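> Any chance you can model this:
(chains A and B)
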Amino acid sequence: MKASLKWLRELAPGSLTDEQIIDGLTAVGLEVEGREKRTLGPGAAQIVAARVVSREPIEGSDHLSICKVDDGQGVHQVVCGAENYQAGDVVPMARVGAVLPDGKAITKAKLRGVESEGMLCSARELGLGDDHSGLLQLPKDSQIGQPVEELLGLPDLIIEVNVTPNRPDALSHVGIAREVTALSRGALRLPAGAPREEGTATSALARVDLEDAAGCPRYVARIVEHCRIGPSPLWVQERLAGCGIRPISNAVDATNLVLLEIGQPLHAFDLDKLAGARIVVRRAKQGELLVTLDGKERALHEDDLVICDAERPVALAGVMGGLTSEVTEGTTRILVESAVFAPASVRRTSKRHGLRSEASHRFERGVDERATELAADRCAKLIAELCSGTVRPGRIDRYPAPKPLARIWVRPARVSGILGTPVAAAEIDERLASLGLVPVGGDAERRQWEAPPWRGDLTREIDCVEEIARTRGYDTIPIDIPKAGVGETAARSVESSATAAARSALSARGYDEVLNYSFCAEKDLLALTPSSSGVAKTLPLRVANPLTVEQGAMRTSLLAGLLRNAHHNLARGSDDLRLYELGRAYLPRANELHPAGPLAWPVDEPRRLAMLALGRRTMRHWSLGKAADEPLDFFELKGALEDLLESVGAKAATFAPAEAAAAPWLHPAAACAVFLGGKLVGALGQLHPEVAAHFELPAATMAAELDWEPLVAAALPVRKLHGVPRFPAVGRDLAFVVDESVPAERMLAEIQAADDKGLLESVLLFDQYKGAPVPAGKKSLAYALRLRAEGRTLTDADADGLCAAIVQRVRSALGADQRA
Amino acid sequence: MIADLQNLLAEATAELSTARDQGQIEAARVKYLGKKGALSLVLRGMGKLAAEERPKVGELVNTVKSGLERLLEDAQRDVSRQSLLAELQKPKLDVTLPGRTARRGHRHPVSQALDDLVEIFARLGFHTATGPEIEWDLYNFEKLGMPADHPARDMQDTFYLDMERAPLPPPGSPPTEGAQRGLLLRTHTSPVQARTMLGQWPPVRIIAPGKVYRCDSDITHTPMFHQIECLHVEAGLTMAHLRGTLDAFMKAFFGPSTKTRLRPSYFPFTEPSAEVDVSHPACGGKGCRICKFTGWLEVLGAGMVNPDVLAACGYDPERDTGYAFGTGIDRLAMLRHGVDDLRLLFENDVRFLEQL
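Have a look, this model is predicted:
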């Protein structure tokens, strides 16, 4: 809400300075967010109303004219490029020596060889808005030579007040002025209402039928006849323009002026265009159409509340008027509508038609039912003044069920209890009274108050507590720390320590954490299931109203974001990437973690960890030379994941070749599934070529995605520690030649299975070799075994026995031969 | 023979005085003390001596032997010292060459801030609660005092979900027809408040950090951002406790000299409500361009839990009172690190991430 300080001072006279008003309003919750000086600047005295005496085109110029202009001190010759004026018009002239608000100094000048002594100005050149279509036209009866600033009622300071939705009363100058009077302890000077009336009674000139009292609790109409429609006086135009409303015509401007003043939205109908001189307030009917003032034809909905004449809808109640009954130049008889419409109804209509107006904004929040008469009177009076019209006697007032004013019990003890500081009953009385509440009964323990009609937000004790708190200032509330209760001190959960451990493992391995939007392009998600994988695509959940199609689908995988990040970074020259993200995926299926009941989670939102690696295997270093340029491979990513699992303490993880269904986004030749306790929890590997192509990434891009909850569940909350062995270990190396297709994990499992006495302390695969002399189709795997017995020194015989058992077992199970 | 022995000592002294390396010392040791060395040779002649001369010669032999040993020892020490001195004279390593480092990974500034906040509130006695990001209208709006058509809904532009692909709601879950337009992306973390209070009795002392969504995108708004919500409901809580908790929180996050200020405002789920300003960490509250020369920045919305919200969750507002506040983690992180374009946070450019 933009408000004029000058206007506020008229309503709330007092000695507060501008700064005191601004700071005071912010302190009581009407935050002043911005301010704008309305002035013609320090040189304003030399910008005056001047009459154009003559206008002649300059030869050889298509737009410049030579004008003779009278500025009250004499007639000057001025060259002007505007089109919208003629001899006799009164316009602003900056005299020689004047300085415009933008700092431009006016000097004698020659244009096209013609002397020019001054400048005729547009609204924009005077800093009064954006209008630069021509000269600002001043009323013809303006006093010639009078500074334009005086004519406009300037200077003024416009403040932008952030009015919260609970305070519709503050969407007007009177409402804000009430807060100013509460600050200054002054009295509010309400604008004069009652107009001079004559002629036929209003009730004989028109009829109002309220068919939907729920949608329209009150409807007041006033009639002004013999109006002459034209532009408003300058001061009216300036008041509206200063507050952000475009001046239209005197009658319409009068309604807007009262809207800004009292907060009651009003509408002026051309009474002659209302069929049957009737107003009917009802819901629209199926198939009814209305062309609103913005020129758009709107198909009405049966829930839309409309104002109709005897035949058809003429306005969208509380939102916008209709074109057919608009006040135009030829209008002489005006019906002023001052009504109250139900907030929810206005809001639905406004949303449905995508139409917001100063009126709908206020009706949605609630207007004062008891201010409609004052607003109607005030508006009729203004129209009569501005349009030289005659106000007809009386009002038509349909108000079937006046709403009683709220009565609220307030207990000083409760006020003190909420604010955490004692507040005396006398102070409470004084503060509530200053806001317009009226005491209606009670005793020392509690008092009953009647809320003023403009404060529909005050209905409960807590509302009054807030009023007391905000007017005395939040800085009066002391600082206190709540006591910690037994059992409230939060211990670190397994989840948070596991997450922290995982994060440090990832950091240590050089992985940067990213955070992506939870929504992404649907095509990116679908691309993670390449058609050649033969796996059915899962359709993601969709956002109904996304900002862009790139944010249209809820991610079913964190990879889409991560792969986009990789592409983004590669394009910007960062080509060694290790990225990870920890966050939720959103799956179109029921949530198993939070099953049925009123507190169910609507969809499954599993936490996931996704990783990506591409680029060099190691950092470049002078000692490595070209060796550092070796590209990273699958085992870089797997190693990082193994480090992570180790740091979390999830020791039960196993790896196996992944089926396409488990990870269709992986290259079938380098796809690895991860199991925890035998359950599939994710996969890692090299990107499927189609996926890499979709995201425009190099073939050797490695990625992983794992479910996070099972990993946390497998984490060790506390690690048990053991002493160190007291007896020496024996080391033995064994090498085997085995079919290439035998997975290393199988070999390891067989080696371990051969150890029936528990002597095998560790097995390290220290070499894998293919090529001569190893036969084609075979590979050599070499293991360093460490053997140790508990409680005694291991003998050579023990070691030889175990090695023999291992050799025999891998031969019979996997056809592996010991390599000499 | 006696003369031979004495010559031996003199000869060895002369020879070892020129010894420069280990080889020469070893050669001398063999030459004089070896099995076939000079001293053994002399000893072999002992048998020819008269019995009365033997002790005298024997004594001399021992003297010469220990003399030789000492000579060798000294020479050995000299040579070791020489080689040590030579070692120390080796050409210097270029110690200015870069060391072999491992590339460190970096936390995302928002998740780092989130962790710090959880830690701060854990110390203040708050548990972490979570809730769904795809939420029912009921918990995001209605239970928080914002029924359908409430104008406060305009304060938060909402993303709704296309219900065509949504799974069937679990039995017993809230209705999705009519004015409640089905599922939405939560616009704040406050639904976790409602869920928590519907699931337990006071005292409640939780924080709810997480992602939230609003249809808005410019330099100061991203369609997804992070909030942390704090809720404390217990008999006897006052606005002073709200101020105290906020003060402790801001000091812990921005530093001990941080000041906080409350201004009246409006939120449907709190009353009285407040906007909370913090003294601008970058300029130390002195005023600068970013804080519009006020020295203050608005960082947080707070208030006493609206009694209607407590009642809607089955609590008795006469007995239990509470305070709540919520703030944008992204903004806190940016203020802390002095960044002013929010969009940087979600571009995930490693040149930005590497700086943390």
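> okay, CA-based contacts and neighbour counts for the rest of this
Fine.
> which ones are touching residue B:234?
With contact set as Cα atoms under 8 Å, 6 or more residues apart in numbering or on different chains, residue B:234 has these partners: B:202, B:203, B:204, B:320, B:321, B:322.
> Save those residues as a markdown table, and put in neighbour count, distance to residue B:6 and pLDDT too.
Output for these, formatted as a markdown table (neighbours: other Cα atoms under 10 Å in any protein chain shown; distance: Cα to Cα, whole Å; pLDDT from 0 to 100):
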| residue | neighbour count | distance to residue B:6 | pLDDT |
| --- | --- | --- | --- |
| B:202 | 15 | 106 | 91 |
| B:203 | 16 | 103 | 91 |
| B:204 | 18 | 102 | 93 |
| B:320 | 17 | 111 | 95 |
| B:321 | 25 | 110 | 96 |
| B:322 | 28 | 107 | 96 |
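> and which of those residues is nearest to chain A?
residue B:321 (7.9 Å; Cα to the nearest Cα).
> Need the three-state assignment for the closest one.
In three-state terms, and counting by DSSP: H, G, I helix; E, B strand; the rest coil, residue B:321 is strand.
> Do you know the pLDDT at residue A:489?
Per-residue pLDDT puts residue A:489 at 54.
> ok, now residue B:355?
We have a pLDDT of 90 for residue B:355.
> Of the contacts of residue B:234, which ones also sit close to chain A?
Filtering the contacts of residue B:234 for proximity to chain A by Cα under 8 Å from any Cα of the partner chain leaves residue B:321.
> burial of residue A:7, as a residue count?
18 (other Cα atoms under 10 Å in any protein chain shown).
> longest single helix anywhere in chain A?
When chain A is parsed with DSSP state H, its longest helix is helix A:796-814.
> contacts for that helix?
Identification of contacts with helix A:796-814 by Cα under 8 Å, 6+ apart yields A:730, A:732, A:734, A:738, A:742, A:747, A:750-751, A:754-755, A:787, A:816-818.
> what does stretch A:17-36 give?
A:5, A:157-164, A:179-180, A:183, A:470-471, A:473, B:263-265.
> Contacts only, for residue A:310.
A:274, A:275, A:276, A:277, A:278, A:279, A:280 are the contacts of residue A:310 under Cα under 8 Å, 6+ apart.
> Can you tell me which of those are classed as buried?
For the contacts of residue A:310, a burial check counting by 16 or more other Cα atoms under 10 Å in any protein chain shown picks out A:274, A:277, A:278, A:279, A:280.
> before we move on, the earlier item: helices - which of the contacts of stretch A:17-36 land there?
A:5, A:179, A:180, A:183, A:470, A:471.
> who touches the first one in this structure?
If a contact means Cα under 8 Å, 6+ apart, then residue A:5 has A:18, A:156, A:157, A:158, A:159 as its contacts.
> what about residue A:771, how many neighbours?
Neighbours of residue A:771 (other Cα under 10 Å): 11.
> how close does it sit to residue A:778?
As judged by Cα to Cα, to the nearest Å, residue A:771 and residue A:778 stand 8 Å apart.
> for residue A:58, same thing?
100 Å.
> Surely residue B:128 touches residue B:196?
No - counting by Cα atoms under 8 Å, residue B:128 sits too far from residue B:196 to count as a contact (10.8 Å).
> the more surrounded of those two?
residue B:196 (21 against 18).
> would residue B:36 count as being in a strand?
No - counting by three-state DSSP, residue B:36 is located in no strand; its state is coil.
> so what's it up against?
Taking Cα under 8 Å, 6+ apart as the contact definition, residue B:36 lies against residue B:30.
> Great, nothing more from me.
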